[in-house]
Each structure stands twice: as structure tokens, then as C-alpha cells.
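J.: Predicted structure and sequence below. I'll ask about it afterward.
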Amino acid sequence: MGDKKINKPRRIIIREEYCMGCRLCEVWCIVAHSKSKDIIKAYKGQEPRPVSGIYFEERGAISFTLQCRHCEDAPCLEACLTGAMYRDKKTGMVLHNKDKCVGCWMCIMACPYGVIKPDFKEKKVASKCDLCIEREFPACVEHCPNEAIILVNKKGERIDKE
Amino acid sequence: MAIPKKLREFDVVRDDEKCIRCEVCCRMCANDVHSYDAETDKVSADSAKCVGCHFCEDVCPTEALVIKRNKSQIKRNANWKNDALGNIIKQANTGGVVLIGMGNDRPIRDYFGHIVLNASQVTNPSIDPLREPMELKTFIGSKPDRIELVEKKSKIKNTTEIPPQLELETPVLFTAMSFGSISLNACKSLAKAACDFGTYWNTGEGGLHKDLYPYAHRCIVQVASGRFGVDREYLKKGAAIEIKIGQGAKPGIGGHLPGEKVSAEISSTRMIPEGTDALSPAPHHDIYSIEDLRQLIFALKEATDYKKPVGVKIAAVHNVAPIASGIVRAGADFVVIDGIRGGTGAAPQIIRDNVGIPIELAVAAVDQRLREEGIRHRASLIAAGGIKSSGDVVKAVALGADAVYIGTAALVALGCHLCQRCYTGKCNWGIATQDPYLTKRLNPEIGAKRAYNLLRGWSLEIKEMLGGMGINAIESLRGNKEQLRGVGLHEKELELLGIKHAGEAW
């Protein structure tokens, strides 16, 4: 996948009936947000390992993943004191600027889906799905072996890789 | 005494430098082979439990895993191999019948592998299927004895009554695999692929689940000895009806779906109480002769207003040709012959490995017999059991089949790696299982696409082979044994197959 920065709205859809609970989405999310983008280096090298932006839920045979929904009326935006959480105008995505974040964690409190993760070391917001804005295709969608995570455009039409 | 454990079949080899401890293998293995120990930060494997399905190998994100065949081997012995010894150990432990899944894995002579095809050179032109039309359309059903034409006011009208036919875009159908032996997602995958491509799929003895109704117009519904799921609606929904007498993997043996697999869905589809064993008797208890079979064939035709072809499936056994002749005379519109390499969800290994005859010989014998008796046109012939490639399809058709059934090949397209443990219900690929944790691993959207691709790929290859022979329609290849030559076969085999040895001209 190229490094073309995307500028169109898109959305990730989760199909719980096909989620097999392998959690490969988490693995590849971490790799995509690592410094080297190399799976072995991201996991076994010296570089700090990022936290995945994916929440995984499982009970018995039912499992699914949950990423930031990029809500239209995002409560985290309202809750953010410093403007670290902001909406990208072109894509409509809710993104997070770590430099502005003071670590009050109000966004975590406000998020109705509970998909923002705290960073206990730096006392900042550690991770939240950025819909892989740097990549043509989000890592979790690309690597889901069972197409349980799919990408759709603004109209809800599925976007397939190639 | 020290009790011998079961012989280890596989070694799970993990490259520790590549293993990132993501634990995907630990989560995904239904046989609990892999485990992670947080204390030592190590992922280890209990190779003795590995069945060799290669699922972990395929989901490992760093390709750190390789499943290798047994390292532990007994002293070299031409007679006593690991398999024989392993089965005796199993039986000494349990006192039971050794069960197995999939088709025969013994090196019984692969006649397809000993047959080569012809191609045009100089004296007749070959055809390029990319530039010229090439017909794979196949009709399954009884053909009329003669064509009747009536001339009326200088217009010619065809007044022949054509019995009901199945129209196939390629001479390949998906064989009978029941909902129960395979998951609903696997059924959906094949059903959708068959509808998309224009061929047929088969319910097996599992009844027709409501979710499969949208694909029923391209479905052959089976009536087997257990009569599971059979009612008026079932017969009316299908495109054709198949009476199953026998199966290539277990001729003479019935079926047994254990009660623990009979979930609410299966119970309603098969019309049996939840949790009860679904037992298919070895024979149909109302069929003890060809005359009895005729009664059932016509009962089913009567029930469907003579609008659907009714066929009969038998396993290829010694007497296959006369039996097939009787079936055709009993009124069947198509006859399915399932050879010794045919697959199954569960069978006693001793039966699977030792009973029946190869499909190549059976098809040639049946076709020859029906031609001699002048009744070949009265029924179509479908060959099943061990069709591994489009080459096998072409050879089967040239030996006399109208079309072929594929089962194992279709499942391989869905992910199957032939570990032969279908009967355990722990299929990691989500195919031969009813465990909801495992069945959801097979996304029918992906499955249907892959099964469709297989049909497409094979069809293109069949066209290439036909073109090479200078033939532009599969109809012209049917029973065209001059296009075949045997390599390394002795006289009797060539005689039975009805083909010449390589090196002999027309």
C-alpha cells in the first residue's frame, strides 16, 4: 500500500458474524503505527511499541473489534480542554494531536464507545484509531483474514482493495 | 505396562526469532496445540495434538510456523508402516473402529495419471478458445429416443417431447455434502458459486436450510436412506432429485451424524429432534431390488409432476455396469457413479481404504455397457470421486461421463488442507464443523468467490484442452476415447478403459 494521504471520508464497518477472534487487526494496527512499519522490529526491536487503536471484545463464540467511530457529534471534541482532539475538515475524521494533549483524560470519560485508550506512562491519550490516514487502506481492513472489517465510502458502498 | 501413546504425526516447528508472541496461533487452534506461558514469555506447541490442518501456518503474521511431517519413525519396515502401527495402537487403546474423513489416501492406481490426451497437428486444425466460440454447455437428463419433426404449411415443427433437463454452463457440479457434515457457511459458499456460474450444488442428506432457499433453483436435492429433511416442499424447491444408494468413500455403509452436532438449525432442517443421532441406514429399507428402486423413482417423479430429473447415485463396486443398466431401466434420468477415491465426512478407515473400484474403470465400464444395450441416451452419467483437476474432468468426459461431481476440490478451494479429521467436528477452517466459534471463520462471500474462481479456472483450461484437440464443444468429446491414450497400462486395463496405448495411431 502506498503512503498516499487520504482526503475522502471513509468509515470502517465491523461484521461481527465473520470475526473469528484472531486479533490480527491489533497486530497490524501496531505495526502500521510503529516507527519502522516492520512487524519484527515493531514487536522485537528497540523502538517503543505503540498501543493498538482497536478494542477487541469476545464472549464465547461472539467476538468483534471496535475502533473509534468518528462520531458526527463527537463527545470527545466537546470534552477536550486544549483542542488536542480535533476534526479533520477534509475527511471528517476525529484525530488527536499528542503535542497539545495534557492528559486530563476527559475524552476517555466522554467517549460513549470506550474506544480511547489512556497512556499510563506519559499520562496522555495513548491511542485512538486514526483510520490509518497515512495509508490508502487501513491496516486492520487490509489484514483481516475473513473480511470481518471492511471499509465503506460516504454513501456506505464497500471499498475493496484493488 | 508403559502404554504407547498415539504415534505423533506432525512436528510444529516455530522460528523463535520470528515469533512475536501475538498468540494468534494459540487462539486459533481448535486442537489446543499452541500455548503461551507469560512467565517465560514463550509460545510452545504440543505436537502430539497437531492434526496437520495448517491453519496456524496460514494465519501466523510473521510466517514463524512450519508444520512438518512426523520426525518420530519406527524402524524401517516394508510391511509395517506408521499408519498401520498407529491404527493398532489406537484400537488397543479404545477397542473401537478407526474413523477417518476425506477420500482414500492409499496409492491405488490413479488411471487419470496414466492417461494422456491428444492434440491436433497439421492434418486437422486446433482451435484457439480465446478467438473462437467454445461450448461447454452440458445437459443432464434423459434424452428422447428419436427426434420427431412435423411439416405444416412448409414450416417444420419439432414435436419431440424432451424430458426435463438440467442446464450446466460447465460439466462440473458440486457433489452432495450435507448441512451437518459441513457448515452452513460452507453450503452457502458452494450454493452461491454454483448459482453464479450456472452449475448445480447438492444438499446431500442434510435437507435444505431456509437460508439456502435463494439458491434452491440450482440445487439437486438428495433423498437418502435416512430420508432426512424430505417433504413435498423440499422436493418442489430443488432443480432435480438424487436418490443416494451409496457413496464412494463407504460403499455399503450408512451414515451417522452424532447427536452433539445436531443443533437447533440442523434439527429443523433434517426434521429430527435436537441432540439425537442422525442415523442413515446402510440400505434403503424400501429398496431391495431394481423394481423397488423404480417405485421410488416414479414416486418422486409423481410428487414433482414429472418436471424434474430424478437420478440415482451409487458407489463404484465390482458389479457397477449391470447395476447402472438396471438403474437406467428403472427410469433414472441420470446416474452418478462415485469411485473409491470419493470423500466423506466420516467413515470407518478400513472401508474407505479397501472397498470399491476406481472411477476411471467404473465410468468406462458403465458407458460401454449402456451403449451396448442401446440405452446410453436414456440417462446422463456423472462421474465422482477423485477429480483433482480440469485434466481429470476432460479424461472422465472422454471415458464416457456427461459431467463430473467435485467435492474435495471444492473444499480445498474453501481452505481445506486434507487433514482427514472432519469427523472430529474441530475443523479449524470452519468447513466440517458446527461449532459457532469455528464456522464463522468461513465467510461465505469469500468462499463463494473462491469456489467460483475454481469453476472458472477449470472451465478455461477445459476449453484450452478441447481447442488443442480441434474440438469446439464438450458434446463432441463425450465418450471420444480416441482422444485418450494409456501410458504404462497393461492390456487388460486398456481393454477395460476402452483406450489404446500411447504410440498406437487411430
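T.: Nice, I can see it. What you see is a predicted model, and the numbers here were worked out from it, not measured in a lab.

J.: and the next element down the chain from the lowest-mean-pLDDT helix or strand in chain A?
T.: Least confident helix or strand of chain A, by mean pLDDT, DSSP states H and E, is strand A:124-127 with a mean of 68. Per DSSP states H and E, the first helix or strand lying C-terminal to strand A:124-127 is helix A:139-143.

J.: Check the secondary structure at B:Glu151 for me.
T.: strand (DSSP: H, G, I helix; E, B strand; the rest coil).

J.: Which pLDDT does the model give it?
T.: Per-residue pLDDT puts B:Glu151 at 90.

J.: just A:Lys123 next, same as before
T.: 68.

J.: Outline the domain layout of chain A.
T.: Chain A resolves into domains spanning A:1-67+A:129-162, A:70-128 when parsed by automatic domain parsing.

J.: could you redo those domains as TSV and give each row distance to B:Ile357?
T.: Where C-beta positions appear, they are placed from N, C-alpha and C, glycine not excepted. Below are these laid out as TSV (distance: least, CB to CB, whole Å):
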stretch	distance to B:Ile357
domain A:1-67+A:129-162	40
domain A:70-128	61
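
J.: between these, which gets nearest to chain B?
T.: For those, the distance to chain B is smallest for domain A:1-67+A:129-162, at 3.7 Å, taking CB to the nearest CB.

J.: can you map out the helices along chain A?
T.: Under the criterion DSSP state H, chain A carries helices at the ranges A:24-32, A:39-44, A:75-79, A:106-110, A:139-143.

J.: can you list these in JSON lines and add mean neighbour count?
T.: Shown next, in JSON lines, are the helices of chain A (neighbours: other CB atoms under 10 Å in any protein chain shown):
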{"stretch": "helix A:24-32", "mean neighbour count": "24"}
{"stretch": "helix A:39-44", "mean neighbour count": "18"}
{"stretch": "helix A:75-79", "mean neighbour count": "16"}
{"stretch": "helix A:106-110", "mean neighbour count": "17"}
{"stretch": "helix A:139-143", "mean neighbour count": "22"}
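
J.: With mean pLDDT and distance to B:Phe139 as extra columns, can I get those in a markdown table?
T.: Shown next, in a markdown table, are these (pLDDT from 0 to 100; distance: least, CB to CB, whole Å):
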| stretch | mean pLDDT | distance to B:Phe139 |
| --- | --- | --- |
| helix A:24-32 | 94 | 46 |
| helix A:39-44 | 93 | 53 |
| helix A:75-79 | 92 | 64 |
| helix A:106-110 | 91 | 66 |
| helix A:139-143 | 94 | 44 |
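
J.: A:Lys154: neighbouring residues, count only.
T.: If you count neighbours by other CB atoms under 10 Å in any protein chain shown, A:Lys154 ends up with 11.

J.: That one touches A:Lys8, doesn't it?
T.: Yes: shown here, A:Lys154 and A:Lys8 form a contact pair, counting by CB atoms under 8 Å, at 7.4 Å.

J.: thinking again about what came up before, give me the helices and strands touching the least confident helix or strand of chain A, please.
T.: Judged by 3 or more CB pairs under 8 Å, 6 or more residues apart in numbering or on different chains; DSSP states H and E, the packing partners of strand A:124-127 are strand A:117-119.

J.: roughly how far is the strand it packs on from the heart of the chain?
T.: Put simply, strand A:117-119 sits 13 Å off its chain's centre (CA atoms, centre = their mean, to the nearest Å).

J.: Note down every partner strand of it and its orientation.
T.: Here strand A:117-119 is paired, per DSSP bridges, with strand A:124-127 (antiparallel).

J.: what's the spacing between the strand it pairs with and its chain's center?
T.: 12 Å.

J.: ok, now which ones touch residue 129?
T.: The chain I'm using is chain A. Neighbour list for A:Cys129: A:Ile12, A:Cys29, A:Gly53, A:Ile54, A:Gln67, A:Cys68, A:His70, A:Val115 [criterion: CB atoms under 8 Å, 6 or more residues apart in numbering or on different chains].

J.: actually it's chain B I care about, not the one you picked
T.: Counting by CB under 8 Å, 6+ apart, B:Pro129 makes contact with B:Leu460, B:Lys463, B:Glu464, B:Leu466, B:Gly467.

J.: what's the answer for A:Asn153, then?
T.: Counting by CB under 8 Å, 6+ apart, A:Asn153 touches A:Lys8, A:Pro9, A:Arg10, A:Arg11, A:Ile159.

J.: now the helices of chain A as JSON lines including distance to chain B?
T.: Below are these laid out as JSON lines (distance: least, CB to the nearest CB, whole Å):
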{"stretch": "helix A:24-32", "distance to chain B": "5"}
{"stretch": "helix A:39-44", "distance to chain B": "4"}
{"stretch": "helix A:75-79", "distance to chain B": "29"}
{"stretch": "helix A:106-110", "distance to chain B": "26"}
{"stretch": "helix A:139-143", "distance to chain B": "8"}
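
J.: Flag every residue of chain A that's near chain B.
T.: Taking CB under 8 Å from any CB of the partner chain as the test, the list of chain A residues beside chain B reads A:17-24, A:26-28, A:39-40, A:43-44, A:60-61, A:143, A:145-148.

J.: follow-up on the earlier one: give me the buried subset of the contacts of A:Cys129.
T.: A:Ile12, A:Cys29, A:Gly53, A:Ile54, A:Gln67, A:Cys68, A:His70, A:Val115 (16 or more other CB atoms under 10 Å in any protein chain shown).

J.: Identify, from the residues you listed, the entry nearest to B:His54.
T.: A:Cys29 (25.6 Å; CB to CB).

J.: what's around A:Pro9, how many residues?
T.: 16.

J.: per-residue confidence at it?
T.: Predicted confidence (pLDDT) at A:Pro9: the value is 83.

J.: Pretty sure it sits against A:Thr91.
T.: Yes: contact criterion CB under 8 Å: A:Pro9 and A:Thr91 qualify, at 5.3 Å.
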